[in-house]
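# Requesting a structural model of the entry that follows:
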Amino acid sequence: MITLQAGQTFEINDTLLVDFPWHEFTNVARFVMEWSAGPYPDIELILESDLATNLVACLSLEQVAECRLPDMGIRRLQFSSLTAENARSHQWEQVNYRIFDADFEEPVLMFKSGQIQIQTQ
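Numbers count the residues shown, from 1 in each chain. As a prediction, the model looks like this:
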């Protein structure tokens, strides 16, 4: 398991899927979708830690092929049990990874690549 500190940057890869403390992050403080070029948007998520720390995880996801959000009205977007997995076996074009809520199935984000930067709040 990785011990998180402000200033760390991680490429999302198969090793990080296992070692990153995904479950520590639940509340989405920022959600931005941007179409810069091509058919797939990039998404930026800032996730706040559940623990008594002042750390946030800034996820930059590239070439997002699926973004399924829960029907939530105006309440805050959150994960009850954030999980990440290798999604290459799903046979999606341009998809390597999937981030989702293991308890409720949504939100779901399927993407080609990305990175996580740890910052202070």
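
# can we go C-alpha only for contacts and neighbour counts from here?
OK.

# Low-confidence ranges, the chain, go.
52, 72-75, 90-93 (pLDDT under 70).

# all strands for it, in order.
Ranges of strands in the chain, per DSSP state E, are 9-11, 25-34, 42-49, 55-68, 82-86, 97-101, 108-120.

# Need those in a markdown table (columns: mean neighbour count and distance to V18).
Below are these laid out as a markdown table (neighbours: other CA atoms under 10 Å; distance: least, CA to CA, whole Å):
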| stretch | mean neighbour count | distance to V18 |
| --- | --- | --- |
| strand 9-11 | 14 | 13 |
| strand 25-34 | 15 | 15 |
| strand 42-49 | 20 | 18 |
| strand 55-68 | 20 | 16 |
| strand 82-86 | 19 | 8 |
| strand 97-101 | 22 | 12 |
| strand 108-120 | 20 | 14 |
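
# Ok, which of those comes nearest R76?
Across these, R76 has its closest neighbour in strand 25-34 (7.3 Å, CA to CA).
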